[in-house]
Structure formats: structure tokens, C-alpha cells
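**Q** what follows is a predicted protein model with its sequence.
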Amino acid sequence: MQEEAPTLLGLAFFMGTYLLVRLDKLSGFSLQA
């Protein structure tokens with residue numbers, strides 16, 4: 001259980017970042033701008 005939590009959080013963070021990058025490229029809107 002102690003090893004699953006960090007893994008799930010890491011996966012969720014990775015997927016969230018991936019989706020943000022995808023949306024950033026598809027829409028052409030930059031979050032850094």
C-alpha cells in the first residue's frame with residue numbers, strides 16, 4: 001500500500017502533464033505565455 005500511493009500519484013501527475021501538453025499543442029495556447 002505504501003508503494004502504490006507514490007506510484008499512483010506519479011502516474012496521475014504524468015498523465016495530467018501529458019494531457020496539458022497535448023491540449024497546449026492542439027489548441028496552440030501556451031500556459032507559459
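**A** Happy to help now that I have it. The structure presented is a predicted model; accordingly, all values stated were derived computationally and were not measured.
**Q** for the protein, give me the ranges with low pLDDT.
**A** Applying pLDDT under 70 to the chain flags the ranges 1-2, 28-33.
**Q** now do the strands in it.
**A** Under the criterion DSSP state E, the chain carries no strands.
**Q** any idea how far stretch 10-25 is from the middle of the chain?
**A** Centroid separation for stretch 10-25 versus its chain: 3 Å, with CA atoms, centre = their mean, to the nearest Å.
**Q** may I have that stretch as CSV, with CA atoms only?
**A** This file holds the C-alpha atoms of stretch 10-25, laid out as CSV (Å, rounded to 0.1, in the frame of the first residue of the first chain):
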residue,chain,number,x,y,z
GLY,A,10,3.3,9.8,-10.1
LEU,A,11,1.1,8.2,-12.8
ALA,A,12,-1.7,10.8,-12.2
PHE,A,13,0.9,13.6,-12.4
PHE,A,14,2.4,12.2,-15.5
MET,A,15,-0.9,11.8,-17.3
GLY,A,16,-2.0,15.3,-16.2
THR,A,17,1.1,16.8,-17.6
TYR,A,18,0.8,14.8,-20.8
LEU,A,19,-2.8,15.9,-21.3
LEU,A,20,-1.8,19.5,-20.7
VAL,A,21,0.9,19.3,-23.3
ARG,A,22,-1.4,17.7,-25.8
LEU,A,23,-4.1,20.4,-25.3
ASP,A,24,-1.3,23.0,-25.5
LYS,A,25,-0.2,21.7,-28.9
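**Q** what residues sit buried inside it?
**A** Buried residues in stretch 10-25, counted by 16 or more other CB atoms under 10 Å: none are found. Every residue, glycine included, has its C-beta placed from N, CA and C.
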